[in-house]
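Trainee: pasting the sequence and the predicted model now:
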Amino acid sequence: MKKNHVLSLGTTVMLTLTLVLSGCNAKDSSGLKDIKDRGKLVVGVKYDTKLFGLKDTASGKVDGFDIDMSKAIAKKIFGDENKLELKEVTSKTRIPLLNNGDIDLIIATMTITDERKKQVDFSNVYFKAGQSLLVKQGSKIKGLADITKDTRVIGVKGATSIKNIEDKVSGLSVLQFENYQEAFTALKAGKGDVLTTDNAILYGMSKQDPGYTVVGGTFTDEPYGIAAKKGNTDLLQVVNDTISELKDNGQYAAIYEKWIGEKPSAD
């Protein structure tokens, strides 16, 4: 009887541990089947990036290029673009939120890099950008050649643009902010001479305030990808299929022109 009692107790403990671990892992499940069972796709997007993901403080609505891509993927999975939940991310928080299971995908002006490929799996490129500079109208800074180690440069934490420009200008130190709106506010307050990130994001800022302009062309290639947790090949396949279909049926060009104001390049 004692032996059976011990076995029964051991079985109960093991069962309890299994249930606890299953509960812990439930949040981490973000494969295609889990998403379908849940009944909605959860996507991490930016709320502070005009043209790609910007929240209207009055209505609470978030709009932009990345939002339209999110809707298209939700429609591909469910046949209904409204089966979608958007969660705010920043350049610093997006990968932790993905790998913690808080979101299923990152669609947030995220450049594909070898370093990030160690942490997440990327889709095919869905947007081609390049790093540039934003300055106040009339600034003496006209391009990268005008940046010196004494130039007050502003950037955003977690963005590849900071390392890129530090690599280009020896001894440069970049003042870093949590998000793009904070960075742009700092530029307008005179805390820096120039703000640097992808040109597509900077064009959005210049549309917000015509007193600021994008200069110097681009000095890097910044291919944006949609990120999923490593190993979620079924979900990533749906994402890639969606990108291909949008390009084939002309919807991608329509989304691009809607937000960027011109047709995408042929390549």
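Mentor: That came through fine. What you see is a predicted model, and the numbers here were worked out from it, not measured in a lab.
Trainee: from here on, just use CA atoms for contacts and neighbour counts.
Mentor: Noted.
Trainee: what's the residue minimising distance to the centre of the chain in contact with, if anything?
Mentor: The residue lying closest to the centre of the chain (C-alpha atoms, centre = their mean) is Ala108, at 1.9 Å. Shown in contact with Ala108 (C-alpha atoms under 8 Å, 6 or more residues apart in numbering): 44-46, 52-53, 66, 89-91, 226.
Trainee: mind giving me the domain ranges of this protein?
Mentor: 29-128+223-260, 131-220 (automatic domain parsing).
Trainee: pLDDT of stretch 173-191, averaged?
Mentor: The pLDDT scores in stretch 173-191 average 95.
Trainee: report the buried residues of that stretch.
Mentor: For stretch 173-191, a neighbour-count test (16 or more other C-alpha atoms under 10 Å) marks 173-177, 179-181, 183-184, 186-188 as buried.
Trainee: what does it contact?
Mentor: So stretch 173-191 is contacted by 48-49, 90-92, 136, 149, 152-157, 162, 166, 192-195, 205 (C-alpha under 8 Å, 6+ apart).
Trainee: please, which helix or strand holds Asp121?
Mentor: In this assignment (DSSP states H and E), Asp121 forms part of strand 120-122.
Trainee: run the chain-centre distance for that strand.
Mentor: Centroid separation for strand 120-122 versus its chain: 12 Å, with C-alpha atoms, centre = their mean, to the nearest Å.
Trainee: just stretch 77-97 next, same as before
Mentor: 9 Å.
Trainee: so that it lines up with my notes, have the first residue be 32 from now on.
Mentor: In the new count, where the first residue is 32, that last one comes out as stretch 108-128.
Trainee: mean confidence for it?
Mentor: 97.
Trainee: do stretch 191-201 as well
Mentor: Mean predicted confidence for stretch 191-201 is 93.
Trainee: try stretch 142-154
Mentor: On average, stretch 142-154 scores 96.
Trainee: circling back: got a pLDDT number for the residue nearest to the centre of the chain?
Mentor: Looking at Ala139, its pLDDT is 97.
Trainee: one step back: need the residues that contact the helix or strand following the strand holding Asp152.
Mentor: Counting by DSSP H and E, the next helix or strand C-terminal to strand 151-153 is strand 158-160. Identification of contacts with strand 158-160 by C-alpha under 8 Å, 6+ apart yields 229-231, 252-256.
Trainee: would you list those in JSON lines and tack on neighbour count, pLDDT and secondary structure?
Mentor: Converted to JSON lines, the contacts of strand 158-160 look like this (neighbours: other C-alpha atoms under 10 Å; pLDDT from 0 to 100; DSSP: H, G, I helix; E, B strand; the rest coil):
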{"residue": "Asp229", "neighbour count": "25", "pLDDT": "92", "secondary structure": "strand"}
{"residue": "Asn230", "neighbour count": "21", "pLDDT": "92", "secondary structure": "helix"}
{"residue": "Ala231", "neighbour count": "22", "pLDDT": "88", "secondary structure": "helix"}
{"residue": "Asp252", "neighbour count": "12", "pLDDT": "93", "secondary structure": "coil"}
{"residue": "Glu253", "neighbour count": "23", "pLDDT": "90", "secondary structure": "strand"}
{"residue": "Pro254", "neighbour count": "18", "pLDDT": "94", "secondary structure": "strand"}
{"residue": "Tyr255", "neighbour count": "22", "pLDDT": "96", "secondary structure": "strand"}
{"residue": "Gly256", "neighbour count": "22", "pLDDT": "98", "secondary structure": "coil"}
